[in-house]
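In: Just the structure for this:
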Amino acid sequence: MSEQSVVPIDQLLPSKLSLVALMGRPIFPGIFTPIMIGNPADVKVIDDAVAGDGLIGLVMLVNETDTPGIKDLHKIGTAAKIVKKINLPDGGVNIFISTLKRFRIRKTLKEMNPIVAAVTYMEDEEDDTSEVKALTRALISEMKQISENNPLFSEEMRLNMINIDHPGKIADFIASILNIDKTEQQKILEIFNVRKRMEQVLVFIKKEQELLRIQKKIQKEINEKIEKSQREYFLKEELKAIKTELGLTTDAKSSEYQRFKDKAEELKFEGEIKETVEQELEKFSLMDPNSGEFIVTRNYLDMIVNLPWKDPEPEQLELSKARDILEKDHYGLKDVKSRIVEYLAVRKLRWGNSGKGGPSGSIICLVGPPGVGKTSVGRSIARSLGKQFFRFSVGGMRDEAEIKGHRRTYIGAMPGKIIQGLKIVKTKAPVFMIDEIDKMGASFQGDPASALLEVLDPEQNNSFRDHYLDLPFDISRIFFIVTANTLDTIPPPLVDRMEIIQLPGYIDTEKLEIAKRYLVPKSLEKNGLKKNHVSYNREALLYIANGYAREAGVRNLEKNLDKIHRKLAKQIVEKWESADSVPETEAAKTRSPVKYNVDKALIEEHLGKPIFPEEVTKKADRPGMSVGLAWTSMGGDTLVIEAISVPGKEGITLTGKMGDTMKESATIAMNLVRKMGAERYGIPNEWFEKNHIHLHIPEGATPKDGPSAGITMATALLSLIRNKTIADRLVMTGELSLTGHVLPIGGLKEKTIAAQRNKARHIIIPKQNLRDLDEIPDHVKKGITFHPVERFDEVLALALLD
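Out: Predicted coordinates:
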């Protein structure tokens, strides 16, 4: 800050002042204003000043406090002359003051009660330039605009502003009447340079003008809305009067009532439904359209009259047509296709094409890993049956109201998904697909899986009651298709109500056919390519399936095809653009197409190196290793068991994130191997006492559990102890008992597919699983020899050639 000029001491203003702390805003020099004083200490200061020269110092508090001291005050204040004092009944005083000059607190003479300080009076720093004159005119002009639009500015204030002749005083006066924060006012008080002070005040004037502009805009919008609503009200009243004179329907409520009544009569309701609809219609006719319950009742009636209460139209059932549609849309899936054709055959034998009386709907649960086509099968089933299709997912659903609806007592109540779907498809016998049923949850809002028990029970769903509708509705004619990745997380009572059809994963030859028939044409069209732009041979598609998409389904195979086609589309367009410009649609048709023959090199160029190279095939190529088969929600998989021994304390260490059941299987395997090693191979007990065995399953971050790896772990342990490698391309699965029996397992179909993908040629299975081989398609079993066993001795004869 530049040096300030100091008022000579011989002037009339004293060099020391008693200070009054201001709780509100600071007061600028040149102002005549009243102040109310309530603090007893400040009242005493006023009394002493009136008895003396009538001069006091006014300083704003930094932080408000009940007992202020000099440390709580700002350093810059205003000297003021008390013109008049009025005592108030509560002990306070009301004084009228005339403010004189700024001062700076130079020295503390008394810290509180009263606060007395030596002060230095500050003069304005004046710049006698044309810039100050311009600022003065600008301030007066801008404030004139504000005062004209603000009724709070009196005529006297406008005159005072015009009559002030000093630029600094004009800035002070305007700052005192502007609606700005007190800290900002204090900052202006502390600016001694007149030009800088005027510039700062001008900034605040502009802000005030902007606020006034926004205020006027808001007020205008509100006025327009009020005028519009009033105008609409009068016009509606006039229209109502005109319609009354002409004998027409007078309002929307009457027309809605008539519509609901006509539809209800057309549907010919009976019993409980008829009684409920009549009650709701009567209640609807007496309601005020502006009440909240009016909308609730209207929506309820609208839902009732728009549901498909009537029996469906006669059906035209043709088994050959349905079979052709299923074969055209999907490759494989023999069980699913057979079940649908059987359903149609039974329906035709019992009811012909009339559809009257109607059979109860079927409930099929398609279980399989992701990407095997469960959801798309539902659409094909609907097409083959000639029915409407509605799909909804219950994955992550935790509220039973999503299934059975909300009660109408709740605001925003809605029917459940079943009733909503029936309203959409407008037929009583559609195909409903309920996706991801194995991923439902439960919460304090209820258990949706339990709510589905009634929906999926053919003995109960002929009178299903949705909480919102609260009327019996027959949903037994719906063909329900449910999908899941696993049955483990579905409640057993729910599983009991469904017919389970397993959809195992695909082997590479199946993926090849699916890609040729469906995925490649679909992806080409999706990416704007023609059939003559891209061609694949058998080896290329198998290379993608085995090297980049080795999972059970075909979703990743489709993604990789899309990726290749996007990159080829980019290359084609770049070639067109390099010619001159992108051709028009018609020109593009006549342009000679670019031809790409997809081979291994092109695949690696666009997809990178294979994620599953050939050497990744799991095999047991040294002692202590064996290959088992596992079932997961993603399909079947191969499981490598590794075992080593190290000198040390007797025992076994298990790693690879095994579950409790698998750990128990490992313990059984270890004890059986120890017994057989001594009895059959003459391995001394001292070997086990001096060696510590470590058994590990790779991919340690993946949880693994189940008993089916029992014979695999026992084989790996005996292979280690005997230092003998197991037979090549041999995999196995089976639960092991403590007495050496091989017990049955589940998921043989998926495990066989995993073995086929791993290029295995021999599979050891429990003898009790022979019945499951009939369910495995021949093309999946092709090239594989199954070895059924009852005891672990037979496993050793096959694996270790004993």
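
In: Next up, the contacts around the spatially most central residue of the chain.
Out: Nearest residue to the geometric centre of the chain (C-alpha atoms, centre = their mean): G396, 11.5 Å. Counting by C-beta atoms under 8 Å, 6 or more residues apart in numbering, G396 touches 436, 439-441. Any C-beta I mention is one placed from the backbone N, CA and C, and that applies to glycine too.

In: Mind checking which of the residues you listed are buried?
Out: 436, 439-440 (16 or more other C-beta atoms under 10 Å).

In: Just put those in CSV and tack on secondary structure and distance to R408.
Out: Output for the buried ones among the contacts of G396, formatted as CSV (DSSP: H, G, I helix; E, B strand; the rest coil; distance: C-beta to C-beta, whole Å):
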residue, secondary structure, distance to R408
E436, coil, 29
K439, helix, 29
M440, coil, 25
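
In: What ranges does the stretch 601-750 of the chain have for its strands?
Out: Along the stretch 601-750 of the chain, counting by DSSP state E, counting those that start in this stretch, strands occupy 625-632, 635-647, 651-655, 691-696, 730-732, 735-736, 742-743.

In: Please identify which of the buried ones among the contacts of G396 is nearest to L456.
Out: Closest to L456 out of those is M440 (12.7 Å), distances taken as C-beta to C-beta.

In: L452 versus that closest one, what's the distance?
Out: Using C-beta to C-beta, to the nearest Å, we find M440 at a distance of 8 Å from L452.

In: between the two, what contacts are shared?
Out: Common contact partners of M440 and L452 (C-beta under 8 Å, 6+ apart): V394.

In: I776 and T752 touch, don't they?
Out: Yes. With contact defined as C-beta atoms under 8 Å, I776 counts as touching T752 (5.5 Å).

In: out of the two, which sits in the more crowded spot?
Out: T752 (27 against 18; other C-beta atoms under 10 Å).

In: right, so the strands of the stretch 601-750 of the chain: which one is the most enclosed?
Out: strand 730-732 (a mean of 28; mean count of other C-beta atoms under 10 Å).

In: In terms of secondary structure, what does the longest strand anywhere in the chain contact?
Out: The longest strand of the chain (DSSP state E) is strand 93-110. Judged by 3 or more C-beta pairs under 8 Å, 6 or more residues apart in numbering; DSSP states H and E, the packing partners of strand 93-110 are strand 16-22, strand 32-37, helix 40-51, strand 55-60, strand 76-87, strand 115-121.

In: now the first one and strand 76-87, what's the angle there?
Out: Strand 16-22 and strand 76-87 are oriented at 80 degrees to each other (axes from the mean of the first three to the mean of the last three C-alpha atoms, to 10 degrees).

In: Give me the buried positions along strand 16-22.
Out: Neighbour counts over strand 16-22 (16+ other C-beta under 10 Å) mark 17-22 as buried.

In: quick one: the helices in the stretch 101-250 of the chain?
Out: 130-149, 155-163, 167-177, 182-189, 194-246 (DSSP state H, counting those that start in this stretch).

In: Which elements pack onto the last one?
Out: Judged by 3+ C-beta pairs under 8 Å, 6+ apart, helix 194-246 is in contact with helix 130-149, helix 167-177, helix 182-189.

In: Now do the contacts for R791.
Out: The neighbourhood of R791, defined by C-beta under 8 Å, 6+ apart, consists of 740-742.

In: contacts for stretch 600-615?
Out: Taking C-beta under 8 Å, 6+ apart as the rule, stretch 600-615 contacts 539-540, 543-544, 546-548, 550, 560, 563-564, 567-568, 596.

In: If you count neighbours, what's buried in it?
Out: In terms of neighbour count (16+ other C-beta under 10 Å), stretch 600-615 has its buried residues at 602-603, 607, 610.

In: Same list, the residues you listed, but as TSV with distance to V673 and pLDDT please.
Out: Shown next, in TSV, are those (distance: C-beta to C-beta, whole Å; pLDDT from 0 to 100):
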residue	distance to V673	pLDDT
L602	51	90
I603	46	89
L607	44	88
P610	38	86
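
In: Filter those down to just the ones in helices.
Out: When the buried residues of stretch 600-615 are checked against helices (DSSP state H), the matches are 602-603, 607.

In: Low-confidence bits of the stretch 401-550 of the chain, can you list those?
Out: Scanning the stretch 401-550 of the chain with the threshold set as pLDDT under 70 gives 443-446.
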